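A.B. asks: Sharing a model that was predicted from the sequence below.
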Amino acid sequence: MKDLGIQPDKRHISMAMFACVISETNNLAESLLALYVRMGGVPDTALYTLLLRSLLQQKKWNEGYALLKKMSDSRIDTRPNFITLNYVLKAQVAAERYDEAKEILGLILNAVSLINQEQLFEEWQGVTKTIEDLEAPRVVTTVLPRISARNINIKNVSPQSVLSASADALSLALGSYSQFAQRVQKDDIFYKTKSINQNSMTNMNFNLKNNENNNAMQGGGSASQTSFTWADFGLMSDIPALSKPSHEALEFLVDCASMIATQDGALLCTDFYMELLKALSTEGSSELTSTMLDIGKSKKLRVKNDNMIKFSKIEELALRSIQGKRLATSGTSFSTRDLLINPYQGQSVKRPETKDNKIIR
């Protein structure tokens, strides 16, 4: 283009950077943005988000967090949006940086509260809550900088679409229990990409509509409108093949579910709740399972009618798994399958007195 005298614009640089990120030529992505700035271009949220993905893909966490802070403190057209934050959340979950992931989730939830605040109140009503009231206590780390929710671009998005994308990001920690991760595998098989094998996650191609992706990064659409694959996250080489979640991962996910359930105006994604509860019933402790069931009793779940049967069965499975673990602790061993057949196994049940096979009343 340069040899032909054509000046590349922001769209050209964005598409070229995106190609570099998904092909893991991250240094070239950084060089392209530097070239654009030298030509007099001014990066926006979309370009900075691509640069951020490139940095996180290289495990340059300090540089990535510094860029996120710079974005939040700069002009409004460079501020991070929910697309930016959910990319960071995906990277953190994939890298098992759970404390930092909880901070980013807290930031997302606080920004969602601002959306709800704008929807509920007009300026003339004199809203009394300040941003400090909305921001939840944070776990202090030595890496992630302090970012205020008021510096996040919250325009043109719905709270539930944001939280749905966040739930997808969190579900990566569920491994083989995540329907989202399973869909990614199916897409890779369909498009004949090589991404997941028994040992590791390797480079892959992607199926993504560029226009939708560009609109989403600009804040013009929700994250849930586009079908993503692992490569789109910029996390191609370090995500392991789908496996069972660790106890640490389950604890992290229960903490995140509690954060969402206790945040004003936030709804817990029903699919995420059911997947996590199923994983806890099989892999987790009775304490974590009980905590998740308590969260389910809150009014932060909206279960659709066509999901009611599945929802009830998973909660019933969770209750019986708790019962099974308690019986195992007492020295009596029954499998979850046994309990599904007969939930009263191992319990002392008074039977009616009989004589000649007839009940004595």
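C.D. replies: Sure thing, it's come through. Residues are numbered from 1 along each chain as shown.
A.B. asks: Low-confidence regions, the chain specifically.
C.D. replies: For the chain, applying pLDDT under 70 flags the ranges 2, 118-142, 187-241, 325-361.
A.B. asks: all strands of it, in order?
C.D. replies: Along the chain, the stretches classed as strands by DSSP state E are 354-355, 358-359.
A.B. asks: Need the residues that contact stretch 278-296.
C.D. replies: Residues from elsewhere that reach stretch 278-296, judged by Cβ atoms under 8 Å, 6 or more residues apart in numbering: 174, 177, 244-245, 247, 250-251, 254, 257-258, 261, 268, 273, 276-277, 314-315, 317-319, 321-322, 325-326, 336. (C-beta placed from N, C-alpha, C; glycine too.)
A.B. asks: The residues you listed in helices, which ones?
C.D. replies: Counting by DSSP state H, the part of the contacts of stretch 278-296 found in helices is 247, 250-251, 254, 257-258, 261, 273, 276-277, 314-315, 317-319, 321-322, 325-326, 336.
A.B. asks: Give me the buried subset of the residues you listed.
C.D. replies: When the ones in helices among the contacts of stretch 278-296 are checked for burial by 16 or more other Cβ atoms under 10 Å, the buried set is 250-251, 254, 257-258, 261, 273, 276-277, 314-315, 317-319, 321-322, 325, 336.
A.B. asks: Buried residues in stretch 175-182, which are they?
C.D. replies: 175, 177-178, 180-181.
A.B. asks: next one: stretch 48-64
C.D. replies: When burial is assessed from 16+ other Cβ under 10 Å, stretch 48-64 yields the following buried residues: 48-58, 60-61, 63-64.
A.B. asks: hmm, back to that, hmm, which two among the buried residues of stretch 175-182 are most spread apart?
C.D. replies: 175 and 180 (11.0 Å; Cβ to Cβ).
A.B. asks: measure residue 64 to residue 30 for me?
C.D. replies: Per Cβ to Cβ, to the nearest Å, residue 64 is found 12 Å from residue 30.
A.B. asks: no wait, residue 292
C.D. replies: 42 Å.
A.B. asks: Might you report the residue contacts of residue 9?
C.D. replies: Counted by Cβ under 8 Å, 6+ apart, residue 9 has contacts residue 41.
A.B. asks: go on, the one 3 residues further on?
C.D. replies: Residue 12 makes contact with residue 1, according to Cβ under 8 Å, 6+ apart.
A.B. asks: how close does it get to residue 18?
C.D. replies: Per Cβ to Cβ, residue 12 is found 11 Å from residue 18.
A.B. asks: Same question for residue 303.
C.D. replies: 37 Å.
A.B. asks: what's the answer for residue 96, then?
C.D. replies: As for residue 96, its distance to residue 18 is 26 Å (criterion: Cβ to Cβ).
A.B. asks: Of these two, which one has the most company?
C.D. replies: residue 18 (24 against 12; other Cβ atoms under 10 Å).
A.B. asks: Test my guess that the more buried one contacts residue 50.
C.D. replies: Yes. With contact defined as Cβ atoms under 8 Å, residue 18 counts as touching residue 50 (6.0 Å).
A.B. asks: that older thread, counting neighbours, go ahead and name the busier of residue 292 and residue 30.
C.D. replies: residue 292 (24 against 19).
A.B. asks: how close does the more buried one sit to residue 53?
C.D. replies: 32 Å.
A.B. asks: now do residue 153
C.D. replies: 17 Å.
A.B. asks: now do residue 281
C.D. replies: Here the criterion is Cβ to Cβ. By it, residue 281 lies 35 Å from residue 53.
A.B. asks: same thing with residue 290?
C.D. replies: The value you get for residue 290 to residue 53, if Cβ to Cβ is used, is 38 Å.
A.B. asks: can you check residue 159 too?
C.D. replies: Distance, residue 159 to residue 53, by Cβ to Cβ: 24 Å.
A.B. asks: With residue 321 instead?
C.D. replies: Distance, residue 321 to residue 53, using Cβ to Cβ: 39 Å.
A.B. asks: Residue 161 now?
C.D. replies: Distance from residue 161 to residue 53, by Cβ to Cβ: 20 Å.
A.B. asks: which residues does residue 63 contact?
C.D. replies: Here residue 63 is in contact with residue 55 (Cβ under 8 Å, 6+ apart).
A.B. asks: now the helices: where do they sit in the stretch 151-300 of the chain?
C.D. replies: Ranges of helices within the stretch 151-300 of the chain are 159-171, 179-190, 210-217, 247-261, 270-283, 286-296, based on DSSP state H, counting those that start in this stretch.
A.B. asks: can you list contacts of the first one?
C.D. replies: When contacts are defined by Cβ under 8 Å, 6+ apart, helix 159-171 is touched by residues 82, 86, 89-90, 93, 101, 105, 108, 112, 115-116, 178-181, 222-225, 253, 256, 260, 265-269, 271-272, 275-276.
A.B. asks: Now with 6 Å, please.
C.D. replies: Here helix 159-171 makes contact (Cβ atoms under 6 Å, 6 or more residues apart in numbering) with 82, 86, 89-90, 93, 108, 112, 115, 178, 180, 222-224, 256, 269, 272.
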